[in-house]
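Asks: Here you go, sequence then predicted model.
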Amino acid sequence: MSKNVVIIGGGAGGASVAAEAKRMDPSLSISIIESGSYTSVAA
Ligand SMILES: Cc1cc2nc3c(=O)[nH]c(=O)nc-3n(C[C@H](O)[C@H](O)[C@H](O)COP(=O)(O)OP(=O)(O)OC[C@H]3O[C@@H](n4cnc5c(N)ncnc54)[C@H](O)[C@@H]3O)c2cc1C
C-alpha cells in the first residue's frame, strides 16, 4: 500500500519537500495544501 504525505504550504519549502520526497520514493502519494491563490513558481 502506498504512503500518503500531506504538506501544508505550497511555497518554495513545500514544493521542494514534495519534489525531494517523490525522488526518494516515487510510490508516495503527495498532497499540498495551499491557502493562497498560487503555489510555488520556483524551479
Ligand atoms: C518581496 C519578496 C521578494 C523575494 N524575491 C526573491 C527572489 O527574487 N529570489 C529568491 O530566491 N527569493 C526571493 N524571496 C524570498 C522567497 O520568497 C522565500 O525565501 C521563500 O518564498 C520561502 O519559502 P517558504 O516555502 O519557506 O515560505 P513561503 O513562500 O512563505 O510559503 C509558505 C506557504 O504556506 C502557505 N500557508 C501558510 N499557512 C498555511 C496554512 N495554515 N494552510 C495552508 N497553507 C498555508 C502560505 O500561503 C505560503 O504560500 C523574496 C521574498 C519577498 C518577500
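Replies: Everything's here; your move.
Asks: Could you see whether the ligand lies near stretch 15-31?
Replies: No - using C-beta under 6 Å from any ligand atom, stretch 15-31 stays clear of the ligand, coming no nearer than 7.3 Å. Glycine gets a C-beta too; all of them are placed from N, C-alpha and C.
Asks: Contacts for that stretch next, please.
Replies: 2-7, 32, 39-40, 42 (C-beta atoms under 8 Å, 6 or more residues apart in numbering).
Asks: Next one: the nearest residue to residue 34 once chain neighbours are set aside from residue 1, what distance?
Replies: Closest residue to residue 34 apart from its sequence neighbours, by C-beta to C-beta, 6 or more residues apart in numbering: residue 10 at 3.3 Å. Using C-beta to C-beta, to the nearest Å, residue 10 is found at 26 Å from residue 1.
Asks: Residue 18 too?
Replies: Distance check for residue 18 against residue 1: by C-beta to C-beta, it reads 20 Å.
Asks: okay, the two: which has more neighbours?
Replies: residue 18 (19 against 4; other C-beta atoms under 10 Å).
Asks: center of the protein - which residue?
Replies: By C-alpha atoms, centre = their mean, the chain has its centre lying nearest to residue 18, at 3.0 Å.
Asks: Tell me if it really is in a helix.
Replies: Yes - judged by DSSP: H, G, I helix; E, B strand; the rest coil, residue 18 forms part of a helix.
Asks: What sits closest to it if chain neighbours are left out?
Replies: Using C-beta to C-beta, 6+ apart and skipping the chain neighbours, the partner closest in space to residue 18 is residue 30 (5.0 Å).
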